[in-house]
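1. My questions concern the predicted model and sequence given below.
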Amino acid sequence: MQHKKTKKGFSLTEALIVIGILVMMTAVVLLNQNDNKARSEVEAAARMIAAQLRALQNDALSGKMLGAGSENIVCNAGINFVNNADNYIVYYEKNCNNVTGPERENVQTVQLKKVRISVPSSGAVFFSTPVGKVDASGIDSNRISLVSTRGDSTVQASVCISDSGNIQEVLGETCPL
């Protein structure tokens, strides 16, 4: 009786092909992971700035007080943006009718993580009391761009502010009309 030898296992060629396929699949997953991280970072920053703008708009509409007395009524609530910065400054102004000009109070610097602000030039977006009118000094009042770059991938989101005061965040650089 003859015994047939059976071949068990993989040949070298088969093993190399399987390893090559696994390496390619891993590379695709890792590249997509960088895109997803950049996208989630820029979306989170856009949501945070939009929420901050909505809160400031609400403070202007409701007549926020910074203390007792009519001199402590907020006349402007806004955010100061600097181009290519990773932070922005939130502020309230009072005494807007004063001869010496408005006084800024409750100034707070907010740091963004791995996201940079892109505006045509430095300036502020603010809301005036009592109607919450949106105004901008030095920047395009329609759009604040946020950019996140990871490796070779760049993701952009925008915070759009309409003249009527509607604030929304969109992925990409185009604001709806």
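-> That came in fine, so what should we check first? Keep in mind that what you see is a predicted model, and the values were worked out from it rather than measured. Numbering: from 1, shown residues only.
2. which regions of the protein sit below the pLDDT cut-off?
-> 1, 33-35, 70-71, 97-102, 137-143, 148-153, 177 (pLDDT under 70).
3. if you set the cut-off to 90 instead, what comes out?
-> 1-12, 27-47, 49-50, 53, 57-87, 91-177 (pLDDT under 90).
4. hey, where'd the strands end up in it?
-> Applying DSSP state E to the chain gives strands spanning 74-81, 87-94, 103-111, 116-118, 123-128, 133-137, 143-150, 153-161, 167-171.
5. Pipe those strands into CSV and attach mean neighbour count per row.
-> No exception for glycine: its C-beta is placed from N, CA and C like everyone else's. Below are those laid out as CSV (neighbours: other Cβ atoms under 10 Å):
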stretch, mean neighbour count
strand 74-81, 22
strand 87-94, 20
strand 103-111, 12
strand 116-118, 18
strand 123-128, 22
strand 133-137, 16
strand 143-150, 20
strand 153-161, 20
strand 167-171, 17
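6. among those strands, which is nearest L56?
-> Among those, strand 74-81 comes nearest to L56, with 4.0 Å by Cβ to Cβ.
7. so how far is V90 from Q52?
-> The gap separating Q52 from V90 is 6 Å, by Cβ to Cβ, to the nearest Å.
8. Between these two, which contacts overlap?
-> Here Q52 and V90 have 79, 110 as joint contacts, going by Cβ atoms under 8 Å, 6 or more residues apart in numbering.
9. Show residues contacting stretch 82-99.
-> Residues contacting stretch 82-99 (Cβ under 8 Å, 6+ apart): 49, 52, 56, 59, 64, 66, 71-81, 101-122, 126.
10. again, only using 7 Å
-> Stretch 82-99 has contacts (Cβ atoms under 7 Å, 6 or more residues apart in numbering) with 52, 64, 66, 71-81, 102-112, 115-119, 121-122.
11. what's the answer for stretch 156-164, then?
-> Counting by Cβ under 7 Å, 6+ apart, residues outside stretch 156-164 touching it are 42-43, 46, 49-50, 53, 125, 134, 141-147, 167-173, 175-176.
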